[in-house]
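J.: sequence and predicted structure, then a few things I'm wondering about:
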Amino acid sequence: MIKLSGITPSGTAHLGNYLGAIRRWATRSEPEDLYFVSNMHAMTTKHSAEELRLLTSHQLAVLVAAGVPKEQLFVQSDLMREHMALAWILECTCTFGEARRMIQFKEKSQGSASVRLGLLTYPVLMAADILLHGTARVPVGEDQNQHVELARTLARRFNTDYGEVFVVPEAVLPEAGARVRSLSDPSRKMSKSISDDGGTVYVLDEPDVIRRKFRRAMTDSRNEVRYAPDEQPGVANLLDILAACQDSTPEHVIQGIGSYRDLKEAAAEAVVTTLSPVRERALELLEDKVELAQIRQEGADHARKRSEERLNQAIFLAGLV
Ligand code: AMP
């Protein structure tokens, strides 16, 4: 049962990505699971080529440094020909109405005078990402469910109209990982796309930068260290982070913490300890371009080998050879 997860390099990986997803990918993946840097999805709105190249390398380096198995990891654009070939076949399987109905398209295109075609068709590319690799399970949040549903529809339609080739995938809820909120506004989740530098702790942040961000974290004026997410979301977020870093529970880590200052310090130190080895290894990889390029190449070779036959069959069944 192949499970496929992607991470879009639309920004730098942050603590939420690490505690909520990457850490689990590194420690709990099954040998057939696949992970990819979905860089082709980071260009549906105007982007900087230089920045995309850099963010893709950063993302890959962080994943490798975190311990995500290299042979199960690839960069999407390294298989651009494969993903695009299937995306075209699936575009010709998908109706305009189906693409236009996607809620993400409606939301993201709203109010924009010039919407790129890629914003309409990226769910079809996502279907190609999923179907190309024979994915059976796609761990996604609520907002991506409709896209997996589209991939199911396209897989079934192609299989019926042209011949059985695709596994019909299923959306599964991601295993509950830590939910990390912004340090500056705990009502929002920590995110790489919102320009919230002070509230977002990046995996590559220097220890002193991390400490400063935690010192400035928003709490409240009660001055009472309790775990009450609804009433004291800022304090609860710090306790959640501390607990996640120590593989413990908020109820356990709260013991012995008497003030907000102590809590901020404890959370900062736990994060520094957790992220430091990942940061150091990622920086090493970014320094040594040869090693990272080799990891990238090997990951792409593996992914290509595993998907080649399925793609060739789809090309054949579509009547293209
Ligand atoms: P994204 O940054 O939206 O591309 O998400 C990549 C992965 O990180 C997904 O599995 C998300 O569920 C996870 N993730 C993103 N932000 C957070 C957060 N603030 N807390 C926990 N997990 C997160």
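T.: Yep, it's here.
J.: what does the protein put close to the ligand?
T.: Residues of the chain lying close to the ligand (Cβ under 6 Å from any ligand atom) are 7-8, 16-17, 20-21, 141, 174, 177-180, 189-192. Every C-beta, even on glycine, is put in place using the N, C-alpha and C of the backbone.
J.: so Leu15 makes contact with Lys213?
T.: No - counting by Cβ atoms under 8 Å, Leu15 stays clear of Lys213, with 9.6 Å between them.
J.: narrow the residues of the chain next to the ligand to just the buried residues.
T.: Those of the residues of the chain next to the ligand that meet the buried threshold are Ile7, Thr8, Gly16, Asn17, Gly20, Ala21, Gly177, Ala178, Val180, Met190, Ser191, Lys192, by 16 or more other Cβ atoms under 10 Å.
J.: count of neighbours near the nearest residue to the last one once chain neighbours are set aside?
T.: When the adjacent residues along the chain are set aside, Lys192 lies closest to Gly11, with 3.0 Å between them (Cβ to Cβ, 6 or more residues apart in numbering). By the measure other Cβ atoms under 10 Å, the count of residues near Gly11 is 19.
J.: start the count at 424 instead of 1 going forward.
T.: Okay, residue one is now 424; in that scheme the one you just asked about reads as Gly434.
J.: who are the neighbours in contact with the residue in the chain that the ligand sits nearest to?
T.: Residue nearest to the ligand within the chain: Gly443 (2.0 Å; Cβ to the nearest ligand atom). Contact analysis of Gly443 by Cβ atoms under 8 Å, 6 or more residues apart in numbering lists Gly600, Ala601, Arg602, Val603.
J.: still on that earlier bit, intersection of neighbour lists for Leu438 and Lys636?
T.: In contact with both Leu438 and Lys636: Thr623, Val624, using Cβ under 8 Å, 6+ apart.
J.: in the stretch 474-623 of the chain, which spans are helices?
T.: 503-514, 519-523, 526-532, 540-555, 568-584 (DSSP state H, counting those that start in this stretch).
J.: dump the third one to PDB, restricted to CA.
T.: Meaning helix 526-532. Extracted in PDB, the C-alpha atoms of helix 526-532 (Å, rounded to 0.1, in the frame of the first residue of the first chain):
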ATOM      1  CA  ILE A 526     -12.800  25.000  -4.000                       C
ATOM      2  CA  GLN A 527      -9.100  25.800  -3.900                       C
ATOM      3  CA  PHE A 528      -9.300  27.200  -7.400                       C
ATOM      4  CA  LYS A 529     -12.300  29.300  -6.500                       C
ATOM      5  CA  GLU A 530     -10.700  30.600  -3.300                       C
ATOM      6  CA  LYS A 531      -7.200  31.200  -4.800                       C
ATOM      7  CA  SER A 532      -8.500  32.800  -8.000                       C
END
